[in-house]
Structures are given as structure tokens and as C-alpha cells.
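> Give the three-dimensional model of this entry:
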Amino acid sequence: MRISDILSTAFLNLWRRKMRAFLTVLGMVIGVASIVVMVSLGIGIRQATVESFAGTGSLTTIRVSSWSYVSSGNGGGSSRQKELNKKAISEFKRISGVEAVMPLVETYGMIKSGNYATDASILGVTKEQAEQFGITLSQGTMPGSGGSTTYEIALGAWTLQNFYDPDTYRQAIDKNGNPKVTTDSRMQLTFDYRNIYRQALIAMDNDDSGEEQTPLGSFYKLRVTGIMDQDNNDFSYYCIMDATQLEKLAKANKDFTNFESGSYNTVLVKVSNIEDVKPVKTAITEMGYGTYSLQDAVEMAEESTKNVQYLLGAIGGVALLVAAIGIMNTMMMSIFERTKEIGIIKVLGCRMDNIAGLFLAESAYIGFFGGALGLGLSFGISVLLNQLLASSGLRSIIPAYLAFGAVGFSIIVALAAGMYPAIRAMKLSPLAAIRNE
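Down below sits the predicted model:
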């Protein structure tokens with residue numbers, strides 16, 4: 001028999017017993033829909049986890065620290081420090097997959113405006129680094145070198161809201177909730193907190209210990225050029241200054257900043273693709289530096305979500321197993337009802353593999369229709385679940401590989417369920433089958 005004959009005969013055999021075939025296909029529909037929906041929820045949980053981490057910073061950025069942890073092999077370990085300097089930065093740039101490197105030139109200061117002040121974490125960057133690491137402003141322009149007596153700065157996303165009165169600690173917000181300090185207000189920068197807190201100055205004046213006091217730090221005029229974008233997850237809370245200018249100020253105020261030129265505590269390394277994160281991290285770790293990326297947290301979260309996916313898949317798999325048993329039962333019933341028919345076609349010279357092919361084709365039809373209809377039902381349930389789970393942040397995601405894989409897997413399961421009945425039909429004795437009533 002030709003394959004086309006086997007397929008058409010198998011379809012007609014199913015059509016003769018429409019109700020039984022329908023109920024068997026229905027069991028397959030429920031099984032496929034169950035496993036697809038369960039797996040899609042697991043994929044949705046994983047995707048939500050990745051997006052939540054991506055929302056806190058770039059997944060392609062590696063933070064390199066001068067401190068690293070060395071395991072001793074017996075459950076213990078120790079920390080060691082290796083200097084992060086310009087030579088190390090040059091070595092990082094030569095690693096395959098590295099797109100950009102930025103040392104974190106950062107320090108802490110206080111910004112004063114009239115009677116108000118605020119603490120500020122200040123990061124020095126170049127315009128090239130800002131472009132490479134996606135540092136953007138919600139308004140204004142990136143700061144430059146400024147003038148001879150004025151320094152340019154881009155305030156952090158929430159800096160204006162954080163101004164307060166150093167004497168009363170009341171926030172500088174008006175009755176409408178708007179900041180009293182604006183980008184047009186006159187501002188000064190100092191690295192000496194004693195310039196802000198009067199009580200510290202009084203204590204210093206009253207100090208009779210005889211120890212020489214460090215002279216008060218200077219004030220520097222600031223011109224605000226912009227405000228950081230709140231979506232700059234790694235940088236939004238920083239105030240940004242030109243790297244050269246910040247280094248100049250940090251050196252001049254070394255007593256308050258503890259700044260060491262040419263040496264860095266942290267360096268950011270940006271890679272081209274997420275796939276490059278692990279090999280680049282490994283290469284930097286082998287150099288003796290500590291590394292961390294959000295990819296580490298994502299991998300740990302994925303390990304926990306994998307267990308959830310397996311559990312959800314197993315729950316759906318139970319329904320598919322029941323459907324497979326239903327297919328086997330249907331095929332066995334079909335053999336008992338068509339025993340004489342099988343005997344006749346054997347006597348007429350039909351090959352054994354053709355007889356097995358007929359029953360396997362019927363099973364494949366059940367698997368295909370059950371898988372296709374189950375997939376359609378899965379999409380409907382997925383849409384409904386996404387509406388119900390919208391507020392929780394979870395969702396059902398059915399990617400293309402899951403959709404096609406579900407239909408293919410249902411056919412394979414159906415063929416496996418129909419294998420025993422097909423072999424049973426193939427081994428029937430022709431004479432015994434013809435005499436069967």
C-alpha cells in the first residue's frame with residue numbers, strides 16, 4: 001500500500017467511529033492544553049524575573065572590584081586586593097567581547113543652595129563614556145569643563161527633591177510638593193561637611209584638645225546643565241561631572257575625599273552581547289579581580305524558576321499521560337472490533353508493516369488533531385490568564401518553539417501510545433482472525 005492509501009484509509013477508519021474518535025481527540029486536546037499552559041506560565045515567570053533584573057541595570061555590564069574572594073578548597077577562603085589602575089583597564093579592553101571600559105571616578109560631596117543642602121554622590125565621566133554606557137539626561141546637556149571659577153554638573157534624578165535645611169532637617173518642598181530649589185538656583189559644592197552643619201563648626205571652635213584642626217574645605221560654584229534620566233538605572237542617583245574636572249577637585253580636597261589618582265575601587269566593563277558576559281567575567285576573575293554582574297543574579301533566579309517550570313510541566317504531563325492511555329485504549333478496542341477485517345487483509349497479501357502503519361496513522365491523526373486543537377485552546381487560555389494576572393506582573397508566554405513543539409510532541413506521544421496496539425494487530429494469526437466472531 002502506498003503512504004497516501006494508508007493515510008486515507010486510517011482517516012476513514014476514524015471517521016466511521018466519530019464519537020469515539022472525538023472523545024479520544026478531546027482527551028488529547030486537554031492534555032496538550034494543560035502542558036502548554038503550564039509551561040507557558042513557567043516561561044512567563046522566567047521572563048518576568050529577567051525583566052525585573054534588567055530594570056535595575058544593564059545585563060551586559062560587569063562591575064570589576066579590586067577585592068576578590070579566594071577559596072581555600074576546604075570550605076573556607078580569604079579576600080585579596082589587586083590594584084585597579086590604568087594598566088588593568090588597558091588589559092580589560094583587549095579581552096574579546098569587551099565593548100567599553102569605564103573606571104568609576106566617584107566621590108561624595110555636599111551641594112548648598114541658600115539655606116538648603118543635600119548630600120551628593122558625584123561621578124566623573126567623559127561624553128564618550130556617557131554614550132557608551134547609555135548615560136542619558138531627562139533634560140539639559142551633559143556637563144563640560146565649565147569656566148575657570150565655575151564647574152558644570154548634571155544633577156541626579158532626585159537631587160532637587162532631596163534638599164533640606166541642615167539646622168531643622170526639614171525637606172525643601174513647598175506646600176504643593178514642588179522642590180524649593182530649582183536648576184536655576186545658585187548652587188555651591190563643598191567636600192567638607194563642616195561647611196554645612198553649623199554644630200560641627202561650633203564643636204571645632206570649642207575644641208581645646210590642642211590638636212591641630214584641618215582647615216575648612218572650599219566652596220565651588222556650580223552651574224547645572226541638566227537632570228539625570230530616572231531610567232538610567234545604574235547612574236540615575238549620581239550627579240555627573242566631567243571626569244577631568246572631578247579628579248581636579250578630588251585631588252584639591254584629598255583630606256575629605258581620600259582620592260588616589262590613577263587608582264580605582266570599581267571599573268565598569270561593558271560587553272557586546274549577553275552571551276559574552278560569562279567568558280569576559282571568567283577572564284577578568286583569572287586576572288585576580290572581583291567581578292559581579294546582574295547576569296549572576298539572573299542565573300540564580302533562573303535556577304529556582306527552572307524547578308517551578310519542571311513542576312508545572314509535570315502537572316500538565318499527567319493530563320497528557322491520561323490522554324495517551326485513552327489513545328491506547330481506543331486502538332485496542334479498534335483491534336478487537338476489526339479482528340476479522342485484519343485477518344482478511346492479511347490473507348489477501350497485505351504486508352505486516354502496512355497493517356501496523358494503518359494503526360499508527362490513526363494514532364498520529366489523533367495526536368495531530370489533538371495537538372493542533374489543544375494549541376488553539378492554549379492560546380485562548382493564555383490570553384485570559386494574561387488579563388487576570390496583569391496586576392501581578394506575571395503572564396503566560398507561548399513562544400514559537402513551544403507551539404510547534406507541542407504539536408510535534410503530541411504526535412510522538414500518540415504514536416508511542418499506538419505502538420503496542422499496532423504490534424498486536426500485526427501479530428494476529430490470519431486464520432484465527434477470520435474465524436473470530
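
> what about the helices in the stretch 301-437 of the chain?
339-347, 352-388, 400-426, 430-435 (DSSP state H, counting those that start in this stretch).

> quick one: which of those helices is nearest residue 307?
helix 400-426 (18.5 Å; Cβ to Cβ). Placement of C-beta: from N, CA and C, glycine included.

> For burial, what's the neighbour tally of the residue nearest to residue 389 when sequence neighbours are not counted?
Nearest non-adjacent residue to residue 389, counting by Cβ to Cβ, 6 or more residues apart in numbering: residue 395, 5.9 Å away. Neighbours of residue 395 under the rule other Cβ atoms under 10 Å: 19.

> which regions of the stretch 1-150 of the chain lie under the pLDDT threshold?
1, 5-6, 52-57, 69-78 (pLDDT under 70).

> one more time with 80
1-14, 16-18, 20, 45-59, 67-81, 146-148 (pLDDT under 80).

> all helices of it, in order?
Using DSSP H, counting those that start in this stretch, helices in the stretch 1-150 of the chain cover 3-16, 18-54, 86-93, 127-132.

> Quick one: list the elements packing against the third one.
Contacts defined by 3 or more Cβ pairs under 8 Å, 6 or more residues apart in numbering; DSSP states H and E place helix 86-93 against strand 98-103, strand 266-271.

> on that earlier part again, check contacts around the residue nearest to residue 389.
The neighbourhood of residue 395, defined by Cβ atoms under 8 Å, 6 or more residues apart in numbering, consists of 44, 47, 48, 385, 386, 389.

> Tell me how far the first one lies from residue 90.
The one in question is residue 44. 43 Å (Cβ to Cβ, to the nearest Å).

> where's the closest residue in space to residue 323 that isn't next to it in sequence relative to residue 85, distance?
Nearest residue to residue 323, sequence neighbours excluded (Cβ to Cβ, 6+ apart): residue 31, at 3.5 Å. To residue 85, residue 31 is 62 Å away according to Cβ to Cβ.

> higher neighbour count, those two?
Taking other Cβ under 10 Å, residue 31 and residue 85 do not tie; residue 31 has more neighbours (26 against 15).

> ok, now which ones touch the more buried one?
By Cβ under 8 Å, 6+ apart, the neighbours of residue 31 are 316, 319, 320, 321, 322, 323, 324, 370, 374, 410.

> re earlier: return the member of the contacts of residue 395 nearest to residue 230.
residue 48 (21.1 Å).

> What about the closest one, how many residues nearby?
Neighbour tally, residue 48, other Cβ under 10 Å: 18.

> which residues sit against stretch 229-245?
By Cβ under 8 Å, 6+ apart, the list of residues contacting stretch 229-245 reads 55-58, 61, 105-106, 111, 120-126, 129-130, 133-138, 142-146, 151-159, 228, 249, 268.

> Filter those residues down to the buried ones, PyMOL style.
Restricted to buried positions by 16 or more other Cβ atoms under 10 Å, the PyMOL selection for these reads:
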select buried, resi 57+58+61+105+106+111+120+122+123+124+125+129+130+133+135+137+142+143+146+151+152+153+154+155+156+157+159+228+249+268
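
> Filter the contacts of stretch 229-245 down to the ones in strands?
Counting by DSSP state E, those place 61, 105-106, 111, 120-125, 137-138, 151-155, 228, 268 in strands.

> measure residue 181 to residue 224 for me?
Distance from residue 181 to residue 224, by Cβ to Cβ: 10 Å.
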